[in-house]
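Asks: next come a sequence and a model predicted from it.
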Amino acid sequence: MSPETSRAERMVRRFIRPALWALVVLPAPVLIAQLLLDQLGADPIDKLERLTGEWALRFLIASLAVTPLMRLTGWGWLVAQRRFLGLAAFFWAFGHLSVYTVLDWFFDWQEIVKDVTKHLYITLGMTAFVLMVPLALTSTKASIRKLGGPRWNRLHSLVYVSVIAACLHFVWAVKKDLGEPILYGGVAAALLAFRVLWRAKPRTA
């Protein structure tokens, strides 16, 4: 490793976690303030649902980007940031679901169940969230030791299904102006394709 690369790695290691914390936390009070100040447009609840969902998807896709980055750079210590980003995605997905259940439906569980079963895009969104629950609950090092590496990896492969469901949920929820959902879907597809190609890559002795 060259001295320049070593310095760059030290700088990234020093600042990445504070930067990620800021990225995860700061949008929440901004969105709350915009809601309270009536700055979210004519349908603030719908806008808040969309924005919280977008943040959840961003962090979910970012968590998928960590493994390719580790393989290309050799920075194995980034695995902790992958778990952090996964939990950030769950945090924002929980916020997205909370807006839907509390502000949109006011805990009307009967109507929520009807909505989930009637509309495929809602079903996909709920599926993406449900699949994230065991991933969030087993994101600790203790869980890895308890489950064992192979079992833990198999369980966390659910993230691939979750991100696909989330991207489809976003596409069908928006219906118009598909540029942003397609962009997210394309990035997610590229990251999944990287994994497939990497595994298929011949290993030298």
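Replies: Right, received. Where do you want to start? Residues are numbered from 1 along each chain as shown.

Asks: helices or strands next to the helix or strand harbouring Arg151 in the packing?
Replies: Element membership for Arg151, per DSSP states H and E: helix 149-156. In terms of contacts (3 or more CB pairs under 8 Å, 6 or more residues apart in numbering; DSSP states H and E), helix 149-156 is packed against helix 120-137, helix 141-147. Any C-beta I mention is one placed from the backbone N, CA and C, and that applies to glycine too.

Asks: out of those, deepest packed?
Replies: Among these, helix 120-137 has the highest mean neighbour count (mean count of other CB atoms under 10 Å), at a mean of 18.

Asks: what is the mean pLDDT for the longest helix seen in the chain?
Replies: As assigned by DSSP state H, the longest helix anywhere in the chain is helix 44-73. Averaged over helix 44-73, pLDDT sits at 95.

Asks: quick one: contacts for the residue nearest the centre of the chain?
Replies: Centroid check for the chain by CA atoms, centre = their mean gives Leu60 as the closest residue, at 1.7 Å. Contacts for Leu60 (CB atoms under 8 Å, 6 or more residues apart in numbering) come out as 85-86, 89, 93, 132, 159, 162-163, 166.

Asks: buried among these? Make that a PyMOL selection.
Replies: Entered in PyMOL, the line below selects the buried ones among these, by 16 or more other CB atoms under 10 Å:
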select buried, resi 85+86+89+93+132+159+162+163+166
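
Asks: in TSV, list the contacts of Leu60 along with pLDDT.
Replies: What follows is those, written out as TSV (pLDDT from 0 to 100):
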residue	pLDDT
Leu85	96
Gly86	96
Ala89	98
Ala93	98
Met132	97
Val159	96
Ser162	97
Val163	97
Ala166	97
